[in-house]
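[1] predicted model and sequence below, questions to follow.
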Amino acid sequence: MKDFLKTLAAVILGTGLVIFGGVSLLIGSLTSMVTMGIGPAVTSVAPNSILRIDFEKGVSVQDSDLPIPGFLPAELGMPATGEGFYKMVRAIENAATDPNIKMIYLYPQYLNAQMTHIEEIRNALLLFRQSGKPVICYSDTYSQQAYYMASASDKVIVNPAGDISLQGFSLNVFYFKDLFDAYGIEAQVIRHGSYKSGGEIYTSPEMSPEERTQMASYLNSAWSHWSSGIERSRTLPEGTLDSICSAGFRVTPQEALDLHLIDEIWHKDELTEYMCSMNDVSEEKKLPVISLSDYAQIFPAGKKFKREKIAVVYASGDLRTGTGRDGVSSGNFASQLRQYRTDSTVKAVVLRIESPGGDPLAADVITRELELIAGVKPLVVSMGDMAASGGYWIAAPAHAIFANPTSLTGSIGVYSIFFNGEKTLNEVLHIRNERINTHAYSHFPSYRSRLSPVETGLMEKMVDSTYNRFISIVSQGRHLERAQVEEVAKGRVWSGIQALENKMVDNLGGLSDAVRAASLMANLLDYRIIEYPAPERFLDKIISLGKKSGTSIPDYLHECILTLTKNQGVQVRIPYIYNGLSF
């Protein structure tokens, strides 16, 4: 009877999720249709069109066909919807030479994107301006992200009641040592690399001098790039942005005008009147406006049947062994990379890395496939916000590595972490643990006791071995002497600018630059882009949730406990949460 009730509950829960998913999918589809407008698809571009770019759908690594998820419970864990940044970049670059596109209207009010995605879209806008066509930007208010994007425009306009936020960059890291002490949890960390701060948040109550040094260096490098970019675009004296940020964090419209941060203070109707006069029309509805989403669906149509292809592979998330949709699963990626290597129509591979690293075995499996690809066709790497530790490991075999100036990379180091909850069990929960082994290390690893001196020595040996392999992979792939790699390794992180100076990357640029480089290496004048992996679809998410619905409560609690310890063991991973960065 007990098993029957458990099964019945699982069936009811699974059925409820499927029904809820279907209703959500219907509501989401309707919401999307309302947002996009119900009507025939746009199939052509009218002469003298205005390309409108807003960010209401969000900006993501790849396109998402998910419905707008704002109405869905956060517990569903739905991935964020959005337009792929590379699709946006390609559309803007194409518009630069499209005789039917007259100008761009940029509306960054809702911009909230990764640092390198903003960088690459902004660079595309600068390229568009080089064609002689204007970019007009308007927003009621400008976040720091939005203003950095807006600074690439010919004319920057703000609402009289708005403002501009400029405050620099900040990184926040939580340290759990005192909390762990209170609950009797011990984190045992073994690391190779004086700057490899993996596990430090569990073993120290505060930031180490080495961590503070490397992160301050990274932030200053990234901010220097952003501030100088704004100053160049707005023809401001050097140091203007630093002075503004030091004085406060909010700039009023009049102050912004006086500082030459903006060109006009207008209401929306005044902007509309200006746009109408530019296009010789009498009213707003006669303006030939096309959205970036619609435009992006039109321009690549002629290339969709091209035989020659460049494969763009997105390595986003933690490196993991095995198969699955979470992160970068070595089994899935290795299989797909083998297909690209043997496919004669795939002339080059571009690997876009947005990963903090993870399991060294996963990194090694993927790297081997990339080495084989590099032996038969061009392999180019593009680094996103983060391509560090294991993320840098898999970049090493490439013929060329492109990093964005603000990419966080390097962290060539290894650490191992194990959690000991013996004190928690004994003194907090009053639970005694007894063990029977057939051999000395049958229990290893265990969160029920601390590592013995012999076990610690064995783990130190494993960490050193993994570090030496890491150094060798980089030395071989980058054609550098081992001593040169060790000098920039030690677990230290670098910005893309610093990595270029250290010969860790070859060029500064984005994914679009990497694809162009790959096409030149492959002697391709015309080609089409294919992408891997495909974005997760709404129905796939619901099905996976339905499968999990049969999990018993004890199993679920066990999974929650394992969440804390899932990264135990040897790791080639960046040691902190990157979304602690405010910019």
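    The structure has been received and is ready for your questions.

[2] convert the C-alpha atoms of stretch 437-451 to PDB, please.
    This file holds the C-alpha atoms of stretch 437-451, laid out as PDB (Å, rounded to 0.1, in the frame of the first residue of the first chain):
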ATOM      1  CA  ASN A 437      35.800  -1.300   5.600                       C
ATOM      2  CA  THR A 438      37.200  -4.200   3.600                       C
ATOM      3  CA  HIS A 439      40.200  -2.000   2.800                       C
ATOM      4  CA  ALA A 440      41.900   1.100   4.100                       C
ATOM      5  CA  TYR A 441      40.200   3.500   1.600                       C
ATOM      6  CA  SER A 442      36.900   1.800   0.900                       C
ATOM      7  CA  HIS A 443      35.000   4.700   2.400                       C
ATOM      8  CA  PHE A 444      36.800   7.400   0.400                       C
ATOM      9  CA  PRO A 445      35.500  10.100  -0.200                       C
ATOM     10  CA  SER A 446      33.200  10.600   2.800                       C
ATOM     11  CA  TYR A 447      31.700  13.700   4.300                       C
ATOM     12  CA  ARG A 448      31.400  11.800   7.600                       C
ATOM     13  CA  SER A 449      35.100  12.200   8.500                       C
ATOM     14  CA  ARG A 450      38.100  14.300   7.700                       C
ATOM     15  CA  LEU A 451      40.900  13.200   5.400                       C
END
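
[3] what ranges do the strands span in the stretch 151-300 of the chain?
    Assigned by DSSP state E, counting those that start in this stretch, the strands in the stretch 151-300 of the chain fall at 155-158, 164-165, 170-171, 186-192, 250-251, 264-265, 289-291.

[4] please work out which of the ones you listed is packed deepest.
    strand 155-158 (a mean of 23; mean count of other Cβ atoms under 10 Å). Glycine gets a C-beta too; all of them are placed from N, C-alpha and C.

[5] can you list the strands that that strand pairs with?
    Partners of strand 155-158 in the sheet, by DSSP bridges, are strand 135-139 (parallel), strand 264-265 (parallel).

[6] of those strands, which is nearest Lys286?
    Minimum separation from Lys286 across the strands paired with strand 155-158 (Cβ to Cβ) falls at strand 135-139, 17.3 Å.

[7] who touches the following helix or strand past the closest one?
    As assigned by DSSP states H and E, the chain's next helix or strand after strand 135-139 is helix 144-150. For helix 144-150, the surrounding residues in contact (Cβ atoms under 8 Å, 6 or more residues apart in numbering) are 106, 108-109, 111-113, 118, 121-122, 125, 137, 139, 142, 156, 164-167, 226, 229-230, 261, 583.

[8] helix or strand for Ile401, which one?
    strand 400-403.

[9] centre of the chain to the helix or strand just after that strand, how far?
    Per DSSP H and E, the first helix or strand lying C-terminal to strand 400-403 is strand 408-410. With Cα atoms, centre = their mean, to the nearest Å as the basis, strand 408-410 stands 13 Å off its chain's centre.

[10] can I get the helix or strand that strand 408-410 is followed by as PDB, trimmed to CA atoms?
    Going down the chain from strand 408-410, the next helix or strand is strand 414-420, by DSSP H and E. C-alpha atoms of strand 414-420 as PDB (Å, rounded to 0.1, in the frame of the first residue of the first chain):
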ATOM      1  CA  VAL A 414      43.900  23.000  -9.900                       C
ATOM      2  CA  TYR A 415      42.300  22.500  -6.500                       C
ATOM      3  CA  SER A 416      40.600  19.700  -4.600                       C
ATOM      4  CA  ILE A 417      37.900  20.200  -2.000                       C
ATOM      5  CA  PHE A 418      36.300  17.800   0.400                       C
ATOM      6  CA  PHE A 419      33.700  18.600   3.100                       C
ATOM      7  CA  ASN A 420      33.900  17.000   6.500                       C
END
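
[11] low-confidence stretches in the stretch 151-300 of the chain?
    Applying pLDDT under 70 to the stretch 151-300 of the chain flags the ranges 300.

[12] show me what stretch 272-292 is in contact with.
    Residues from elsewhere that reach stretch 272-292 (Cβ under 8 Å, 6+ apart): 42, 45-54, 83, 88, 91-92, 102-103, 105, 136, 266.

[13] for PyMOL, what selects the buried ones among these?
    Under the burial definition 16 or more other Cβ atoms under 10 Å, those of the contacts of stretch 272-292 that qualify are selected in PyMOL by:
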select buried, resi 45+48+49+50+51+52+53+54+83+88+91+92+102+103+105+136+266
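
[14] the contacts of stretch 272-292 in strands, which ones?
    49-54, 83, 102-103, 105, 136 (DSSP state E).

[15] of those residues, closest to Val493?
    Relative to Val493, the closest of those is Glu83; by Cβ to Cβ it sits at 29.3 Å.

[16] residues in contact with the closest residue to Ser221 other than its chain neighbours?
    Nearest residue to Ser221, sequence neighbours excluded (Cβ to Cβ, 6 or more residues apart in numbering): Ser495, at 3.9 Å. Counting by Cβ under 8 Å, 6+ apart, Ser495 touches 217-218, 221-222, 225, 405-409.

[17] flag the shaky bits of the stretch 301-450 of the chain, pLDDT-wise.
    Across the stretch 301-450 of the chain, the ranges flagged by pLDDT under 70 are 301-305.

[18] could you pull out the strands for it?
    309-316, 319-320, 328-329, 346-355, 357-358, 379-388, 400-403, 408-410, 414-420.

[19] tell me which of those strands sits nearest to Gln130.
    Of all those, strand 400-403 sits nearest to Gln130, with 20.0 Å by Cβ to Cβ.

[20] note down every partner strand of that closest one and its orientation.
    Partners of strand 400-403, by DSSP bridges, with direction: strand 379-388 (parallel), strand 507-508 (parallel).

[21] residues in contact with the last one: which ones?
    To tie it back to what came earlier, the one meant is strand 507-508. Outside of strand 507-508, the residues within contact range by Cβ under 8 Å, 6+ apart are 400-405, 496-497, 500, 513, 517.

[22] can you check what angle separates the helix or strand just after that strand from strand 309-316?
    With elements assigned by DSSP H and E, the helix or strand that comes after strand 507-508 is helix 511-521. Angle, helix 511-521 to strand 309-316, by axes from the mean of the first three to the mean of the last three Cα atoms, to 10 degrees: 140 degrees.

[23] what residues does helix 511-521 touch?
    Contact with helix 511-521 is made by 85-86, 89-90, 93, 120, 123-124, 310, 312, 348-350, 352, 378-382, 399-400, 402, 507, 525, 527, 529, as judged by Cβ under 8 Å, 6+ apart.

[24] can you count the residues close to Glu422?
    Using other Cβ atoms under 10 Å, Glu422 has 17 neighbouring residues.

[25] grab the nearest non-local neighbour of it.
    Distance criterion Cβ to Cβ, 6+ apart; nearest residue to Glu422, sequence neighbours excluded, is Ser449 at 5.1 Å.

[26] my guess is that neighbour contacts Phe419, does it?
    No: if you go by Cβ atoms under 8 Å, Ser449 and Phe419 don't touch, sitting 10.9 Å apart.

[27] distance to Arg338 added to the strands of the stretch 151-300 of the chain, as TSV?
    Shown next, in TSV, are the strands of the stretch 151-300 of the chain (distance: least, Cβ to Cβ, whole Å):
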stretch	distance to Arg338
strand 155-158	49
strand 164-165	48
strand 170-171	39
strand 186-192	31
strand 250-251	53
strand 264-265	56
strand 289-291	39
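
[28] point out the most buried one among the strands paired with strand 400-403.
    strand 379-388 (a mean of 30).

[29] so how far is that strand off the chain centroid?
    The mean C-alpha position of strand 379-388 is separated from the chain mean by 10 Å, Cα atoms, centre = their mean.

[30] render the CA-only coordinates of it in CSV, please.
    The C-alpha coordinates for strand 379-388 follow below in CSV (Å, rounded to 0.1, in the frame of the first residue of the first chain):
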residue,chain,number,x,y,z
LEU,A,379,39.8,25.6,-35.2
VAL,A,380,39.2,29.0,-33.7
VAL,A,381,38.2,29.9,-30.1
SER,A,382,36.1,32.9,-29.1
MET,A,383,36.0,33.7,-25.4
GLY,A,384,32.9,35.1,-23.7
ASP,A,385,32.6,36.6,-20.3
MET,A,386,34.5,33.7,-18.7
ALA,A,387,36.8,31.1,-20.3
ALA,A,388,38.9,30.2,-17.3
